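S.K.: got a sequence here, can you model it:
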Amino acid sequence: MYAPECRSTAGPGKTLGRLVRTVTQNRDMTTPVTKAETLVTEDGVPIDAVHLAGDSRLAFVLAHGFTLSWQRPALWRVARRLNRFGGVVAFDFRGHGRSGGVSTLGDQEIKDLDVAIGYARELGYEQVVTVGFSMGASIVLRHAGLLGGVDAVVSVSGPGRWYYRGTLAMRKVHWAVEHRLGRMIAGKFLHTRISDGRWDPVPVPPADAAAKIAPTPLLIVHGDKDEFFPADHAEQLFEAANQPKELWIVPGFGHAETGAKPALLDRIGNWAVTAVAASVAPDVVA
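M.R.: Have a look, this model is predicted:
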């Protein structure tokens, strides 16, 4: 509400005045303003992150695909949809968007994911589910298998193995990564800074990491129209993983964030709520 207060702005003998209104702070505010934050990984890389507040019982930490960012419409749409089911922490991997460093294509990025998970815990969320798309899917699998510390994992459109070149889309990705001109184009037009070094040693492959995730619940989602990785990648991940696990091959679904429709995101959100609830349910005593 405005609190009117009349103060004279005229000189002596004048009657003209100006009405000055003081504003009551935080009027009608029901939710906090969304703000970007800078997190710092254990190896000193600044990571740009954003938090969408939600039910304190559950947070989704989103791991985006190669060349994307939390500021891109596709990922923001995912974040807003999953926000219906809990809090959301979205962030830019190293070398992407406003984060520092250079992209290592899924190797050192598990440190970026780990600090984002730590941020969600610091915000007070009781349970954390990681949801990764494409490159981000390989990272959530590797993080859960090698580092752990999450309550459920969702891999969407992820590779089962490294160095795959069986589709035109992936041959283009490899060209961009392996050639100086490709890296320059990615940096200038896609705001993605790519390391010019080779993996040494080669990181643990996604399927090998998936085998180490149990007993954390794992959901593998893939489309039968994926133009980057055919569905056998999802089947490879599923075969490698141990229970509890689920595999969804979704008819008509393309690839990652850009292909995920609201109905699929709602289905993922409901799966996560159910999975974490089951993981904390008390044992029934006969």
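
S.K.: which parts of the stretch 151-286 of the chain are helices?
M.R.: Counting by DSSP state H, counting those that start in this stretch, one finds helices in the stretch 151-286 of the chain at the ranges 168-178, 180-189, 206-210, 232-240, 256-259, 262-280.

S.K.: looking at these, which is nearest to Gly136?
M.R.: In terms of C-beta to C-beta, the element of the helices of the stretch 151-286 of the chain nearest to Gly136 is helix 256-259, at 8.1 Å. In this view, the C-beta of every residue, glycine as well, is placed from N, C-alpha and C.

S.K.: returning to that earlier point: point out the most buried one among the helices of the stretch 151-286 of the chain.
M.R.: Across the helices of the stretch 151-286 of the chain, averaging neighbours per residue (mean count of other C-beta atoms under 10 Å) puts helix 206-210 on top, at a mean of 24.

S.K.: turn the helices of the stretch 151-286 of the chain into CSV, including distance to Ala36 and mean pLDDT.
M.R.: CSV is the format used below for the helices of the stretch 151-286 of the chain (distance: least, C-beta to C-beta, whole Å; pLDDT from 0 to 100):
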stretch, distance to Ala36, mean pLDDT
helix 168-178, 27, 94
helix 180-189, 21, 92
helix 206-210, 29, 98
helix 232-240, 32, 98
helix 256-259, 19, 96
helix 262-280, 22, 94
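
S.K.: could I get those helices as TSV with distance to Leu219?
M.R.: As requested, those are exported to TSV (distance: least, C-beta to C-beta, whole Å):
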stretch	distance to Leu219
helix 168-178	23
helix 180-189	30
helix 206-210	11
helix 232-240	10
helix 256-259	15
helix 262-280	6
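
S.K.: low pLDDT regions in the chain?
M.R.: Across the chain, the ranges flagged by pLDDT under 70 are 1-30, 281-286.

S.K.: who are the contact partners of His255?
M.R.: Residues near His255 by C-beta atoms under 8 Å, 6 or more residues apart in numbering: 134, 157, 169, 223, 226-229.

S.K.: what about 6 Å?
M.R.: Counting by C-beta atoms under 6 Å, 6 or more residues apart in numbering, His255 makes contact with 157, 226-228.

S.K.: only the buried subset of these, as a PyMOL command please.
M.R.: Here is the PyMOL command that selects the buried residues among those (16 or more other C-beta atoms under 10 Å):
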select buried, resi 157+226+228
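
S.K.: of all pairs in the contacts of His255, which one is the farthest apart?
M.R.: Ser157 and Glu227 (9.9 Å).

S.K.: pick out the residue closest to the middle of the protein.
M.R.: In the chain, the C-alpha nearest the mean C-alpha coordinate belongs to Leu62, at 1.6 Å (C-alpha atoms, centre = their mean).
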